[in-house]
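[1] Provide a 3D model corresponding to the input given below.
(2 chains, ligands or ions: 2)
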Amino acid sequence: MTGKFGHQRFLIQSALRRIFASPLGGILNILVIGIALSLPAGVYTLLKNAQTLAEQLPGKPEISLYLTTKSNDQTIESIRTRLAQHPEIAGSLFISRDDALKKMQQDSSLGDVIEALDRNPLPDAFVVTPRVDSAAVLKKLRDELAQWDGIALAQLDSDWAYKLEALIALGRMLALILGTLLSLALIAVTFNTIRLQILTQREEIEVARLIGATNAFIRQPFLFFGAIQGLLGGIATLLILAAGIRLSNVPLADVALLYASDFRLQALGWGDSLSLLLFSLYLGWLGAWLSVSRHLSRIRPQ
Amino acid sequence: MIRFNQVSKRYPGGYEALKNVSFNIAEGEMVFLTGHSGAGKSTLLKLIAAIEHPNSGSVLVNNQNVSVLKEAALPYLRRNLGLVFQDHKLLFDRSVFDNVLLPLQICGFDPRESSKRVRAALDKVGLLKREKLNPIALSGGEQQRLCIARAIVNRPAILLADEPTGNLDADYSREIMEIFRSFHQVGATLLISTHDQSVLEDEGVRRITLKSGALV
Ligand SMILES: Nc1ncnc2c1ncn2[C@@H]1O[C@H](COP(=O)(O)OP(=O)(O)O)[C@@H](O)[C@H]1O
Ligand SMILES: [Mg+2]
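    Ligands and ions are numbered 1, 2, ... in the order given. Sure thing, here's the model as predicted:
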């Protein structure tokens, strides 16, 4: 076992030595990877923050239940109890047709028109606050309530929920597209650096072959090179994101103040950061693997 | 240990470097391979290490036909061979020590055990004090000895040396032949190509002589 670990440490050290053989070149490569990954990772970070912001927003989705005109105190009472017992409903508010009319007269410019009516056209209503907020579940709840006795119409006031979900879905798609494209870029960068590495280490590869190295042995240092370069690129991404968040939070604080909010952008959590590092490590390894598979077989000892 | 059966080798371009060569080298034998420049000595050694392949005939190493070995089996053949190259093939991106370490790394040796072996091999060729240097700082004779240390560190059963005393003066040649002789004494099979007269004066060593690709 010590043999294995000893050799791995050797591989890591020599990979680092080769990455920074020309310090500027090594840093630039890592920076390219870091910038490429920080675009999708940045969109993802914003998305996460949008979700947190949405959860803090006042105003939950509501379902308005309009009762049939035939409703009497008994139907109203029975609906009130059923609503109170429903597990997906957080609360409900009864608005009688008279109250509704009064409120309308006060609030709207329709006051005169309403005055002119000879009878109240408005139904009794409940405003229901659901416990859930996903659009699909809300719709199901709305449909269920609409079936109840004494209810003429159930209306889901879910505009914002739909809009938010659509926006977040759009953001996800954007992150996915950017992520895919820039992952390919990362693989390409590694592919090319490894190609150059193989060329500069042509002699070493030939000699190693002549004294009995397997292909796996010859591949190893290049795979370590790619993986470690990818990992360092991932670390650069995290640093770029952290800097971006710090910079954005300065003007954001002023904006938030206008809304009496203390909202600030949050960095990615530990889990997401770790995933990002593993992902960039894997992409580097993959780029190296592709490059080595393509270029190594062309080097034959003479 | 090494057997050639009617081996011919033609290089692309049509030049016939070996013509119908047959011989046998027993285990533990030490043999000189001689002949003028261009006679086919390097070609013959390359066929044993499967660096080149014959156009006809068969090359057997340890009763294994190496000319039909699969690519994936080649590394394991070469680990049983110690190769001393005419052009050394040293790596100048690492120390003397690390050059000798490479064959052991390839075989997956324990690093501590490896260090001992590397130092033993360097001691044998008289380079122990220079282990930290880059091989570029060594003289021609020292580079040749380093190449030998790398070839023997693995304790291979067979040692193939291509003109190991090529451009060296007589004193250096003698030193190097002494190293080979001591390796022979512990039971290794050696095939050493040379056209160095001072070396060939050594009586009692079997010779295989090539002339324009054919045995004489
Ligand atoms: N890769 C090659 N391609 C074509 N001809 C070669 C090649 N290697 C060697 N030869 C030719 O084969 C002949 C034998 O070469 P070699 O085995 O190197 O002889 P020696 O080692 O005895 O000097 C020479 O004439 C040489 O020009
Ligand atoms: Mg030669």
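[2] and the helix ranked longest in chain B, what other elements does it pack with?
    As assigned by DSSP state H, the longest helix anywhere in chain B is helix B:170-185. Under the contact definition 3 or more C-beta pairs under 8 Å, 6 or more residues apart in numbering or on different chains; DSSP states H and E, helix B:170-185 sits against strand B:30-34, helix B:140-152, strand B:158-162, strand B:189-193, helix B:197-200. For the C-beta atoms, the positions are set from N, CA and C on the backbone; glycine is no exception.
[3] Distance to ligand 1 for those - can I get that in TSV?
    Compiled in TSV, the helices and strands packed on helix B:170-185 are given as follows (distance: least, C-beta to the nearest ligand atom, whole Å):
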stretch	distance to ligand 1
strand B:30-34	8
helix B:140-152	16
strand B:158-162	7
strand B:189-193	7
helix B:197-200	15
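[4] so which of those comes closest to A:Phe279?
    Nearest to A:Phe279 among the helices and strands packed on helix B:170-185 is helix B:140-152; the distance by C-beta to C-beta comes to 40.6 Å.
[5] Extract the C-alpha set from the closest one and format it as PDB.
    Output of helix B:140-152 as PDB, limited to C-alpha atoms (Å, rounded to 0.1, in the frame of the first residue of the first chain):
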ATOM      1  CA  GLY B 140      30.300  10.300 -21.700                       C
ATOM      2  CA  GLY B 141      31.600   7.300 -19.800                       C
ATOM      3  CA  GLU B 142      29.600   8.200 -16.800                       C
ATOM      4  CA  GLN B 143      26.400   8.500 -18.900                       C
ATOM      5  CA  GLN B 144      27.100   5.000 -20.300                       C
ATOM      6  CA  ARG B 145      27.500   3.600 -16.800                       C
ATOM      7  CA  LEU B 146      24.300   5.400 -15.700                       C
ATOM      8  CA  CYS B 147      22.500   3.700 -18.600                       C
ATOM      9  CA  ILE B 148      23.900   0.400 -17.300                       C
ATOM     10  CA  ALA B 149      22.700   1.100 -13.800                       C
ATOM     11  CA  ARG B 150      19.200   1.700 -15.100                       C
ATOM     12  CA  ALA B 151      19.400  -1.600 -17.100                       C
ATOM     13  CA  ILE B 152      20.500  -3.700 -14.100                       C
END
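[6] So is that helix next to chain A?
    Yes: using C-beta under 8 Å from any C-beta of the partner chain, we find that helix B:140-152 touches chain A at B:Arg150.
[7] ok, back up a step: buried residues of the longest helix of chain B, list them for me.
    Buried residues in helix B:170-185, counted by 16 or more other C-beta atoms under 10 Å in any protein chain shown: B:Tyr172, B:Ser173, B:Glu175, B:Ile176, B:Met177, B:Ile179, B:Phe180, B:Phe183, B:His184.
[8] what does stretch A:249-267 give?
    A:Leu252, A:Leu265, A:Ala267.
[9] Go ahead and name everything in contact with the longest helix of chain B.
    For helix B:170-185, the surrounding residues in contact (C-beta atoms under 8 Å, 6 or more residues apart in numbering or on different chains) are B:28, B:30, B:124-126, B:141, B:144-145, B:148, B:152, B:159, B:161, B:164-165, B:168, B:190, B:192, B:196, B:198-199, B:202.
[10] separation between the nearest residue to A:Val32 once chain neighbours are set aside and A:Glu204?
    Distance criterion C-beta to C-beta, 6 or more residues apart in numbering or on different chains; nearest residue to A:Val32, sequence neighbours excluded, is A:Val189 at 5.7 Å. For A:Val189, the distance to A:Glu204 equals 23 Å [C-beta to C-beta, to the nearest Å].
[11] Determine which residue lies closest to the centroid of chain B.
    B:Leu160 (2.4 Å; C-alpha atoms, centre = their mean).
[12] Dump the helix or strand bottoming out on mean pLDDT in chain B to CSV, keeping only the CA atoms.
    The helix or strand with the lowest mean pLDDT-type score in chain B, counting by mean pLDDT, DSSP states H and E, is helix B:197-200 (a mean of 72). The C-alpha coordinates for helix B:197-200 follow below in CSV (Å, rounded to 0.1, in the frame of the first residue of the first chain):
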residue,chain,number,x,y,z
GLN,B,197,39.1,-4.5,-30.4
SER,B,198,40.3,-3.9,-26.8
VAL,B,199,37.1,-5.6,-25.6
LEU,B,200,37.3,-8.4,-28.1
